[in-house]
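In: Predicted model and sequence follow; I will ask about them next.
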Amino acid sequence: MRSLPLVRVPLAARFALCALGAAALVGCQSLQSSDSFLGVITPYKVEVVQGNVVTKEQAEFVKPGMSRAQVRDVLGSPLVTDPFHGDRWDYVFTIRRQGAEPQLRRVVVRFDGEALKGIDTGGELPSERDFVASIDTFKTARNAPALELTEAQIKSLPQPAAPAASEAEPVGPVRDYPPLEPRP
């Protein structure tokens, strides 16, 4: 059996390899602790959305005396229904989106039997427009065109064709199908 020849690596090369390995390990550790690599590359972070968004408009629509079904139609199903507090629904909403501030909101709805007793928003709720603006990560201005036609545009539209005169529908069976049961 032949043995492999022993290769002698100079001391300076060994030292250089060890230093290179240590630098690589330190670089890997620094990648884990920061949000970006060299301030340019940012890793993808999963967007986490939990619960129901309850906006100012929805909260204003809910009035005392509404039934549980009506409240559920307006606000959606609650995130938490406590079996020990059957007259309380908790709407918790959290969102973590890359490029936007994380948000946490809690809305508590209380019932007296089947009727709504009150709603506690825990502070000021955003309007739908404000909420969309707060999670919008596109920093460019969006100037959407108006979705209404002017009078001149309406007049310039082609007139719809007159509906064709429909033929009178036949009375009675059009086609004689065989009976499902034998005739007497």
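Out: Looks like it came in fine. Numbering: from 1, shown residues only.

In: Only C-alpha atoms from now on, for both contacts and neighbour counts.
Out: OK.

In: Confidence-wise, which helix or strand of this protein is lowest on average?
Out: Sorted by mean pLDDT, DSSP states H and E, the helices and strands of the chain end with helix 11-33, the least confident at a mean of 69.

In: Tell me where this protein has helices.
Out: For the chain, the helices defined by DSSP state H cover 11-33, 56-61, 68-75, 128-135, 151-156.

In: Tell me which of those helices sits most buried.
Out: Of all those, helix 68-75 has the most neighbours on average by mean count of other Cα atoms under 10 Å, namely a mean of 15.

In: by contact count, what packs against it?
Out: Using 3 or more Cα pairs under 8 Å, 6 or more residues apart in numbering; DSSP states H and E as the contact criterion, the elements in contact with helix 68-75 are helix 56-61, strand 115-120.

In: Now do that helix against strand 115-120, angle only.
Out: 30 degrees (axes from the mean of the first three to the mean of the last three Cα atoms, to 10 degrees).

In: which residues touch the closest residue to Asn52 other than its chain neighbours?
Out: Of all residues not flanking Asn52 in the chain, Phe93 sits nearest, at 5.5 Å (Cα to Cα, 6 or more residues apart in numbering). Contact analysis of Phe93 by Cα atoms under 8 Å, 6 or more residues apart in numbering lists 49-54, 103-106.

In: Thank you, goodbye.
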